[in-house]
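> Predicted model follows, preceded by the sequence.
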Amino acid sequence: MLTFCLTRVCVCYYLFGDYMLYKVWECLKVRHSFFVIFMKYGNFYKVYGDDVFIVWKITGYRVINGDHIGFPLKSLNVVLKRLELLHVSYIVYDGCDDYLMVDDVNNCYINVLSEFKDLYLNEDRIKKIVEKFEFKVREDKEMLDYYEELWK
């Protein structure tokens, strides 16, 4: 099943771009659900799904549209070294049926994912609260004066 999927996608890869790349990622993820999967796309690698939370935390790269991260090819080795320190297994997909798989015997993918996903979601909540607070304070000078005095 996986081989058929990857071969079919390879033929269509440049015709449909990112959509087909995501489909390849889905095929790999079904078989290797506890791996971070990096997909080469031009001069970048992309990460999708829950893998985003792990890569976000170890690199600080911005999550795009809440569902993927992209970063330059030259950064891959640093990212992989950090995953190895965390004992997280990974796959680097470079094109038609060509990928590197590193399976750590002590794979901590689930634990690391759980911790980093919680951090991401909490940080997102904090950011939304701060944005609402800033909006309210800018509208109300008395509120601004109150908090300024309170935090002296």
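Structure's in. What do you need?
> Which helix or which strand is home to the most centrally placed residue in the chain?
For the chain, the residue whose C-alpha lies nearest the mean C-alpha position (CA atoms, centre = their mean) is V52; its distance is 1.6 Å. Element membership for V52, per DSSP states H and E: helix 51-59.
> Quick check: next helix or strand after that helix?
Criterion used, DSSP H and E; the element after helix 51-59 is strand 68-72.
> Ramachandran coordinates for D50?
When read as degrees, to the nearest 10, the backbone of D50 gives phi -70, psi -20.
> what sits against it?
Contacts here follow CB atoms under 8 Å, 6 or more residues apart in numbering; on that basis D50 touches L113, K117. Heads up, the C-betas are built off the backbone N, CA and C, glycines and all.
> Also V52?
Residues in contact with V52 (CB under 8 Å, 6+ apart) are V63, D67, H68, I69.
> redo that, cut-off 6 Å
V63, I69 (CB atoms under 6 Å, 6 or more residues apart in numbering).
> Can you give the domain ranges for the protein?
Domain ranges of the chain: 2-109, 111-150, per automatic domain parsing.
> Please convert the ones you listed to CSV, extending it with mean pLDDT.
Formatted as CSV, these follow (pLDDT from 0 to 100):
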stretch, mean pLDDT
domain 2-109, 84
domain 111-150, 88
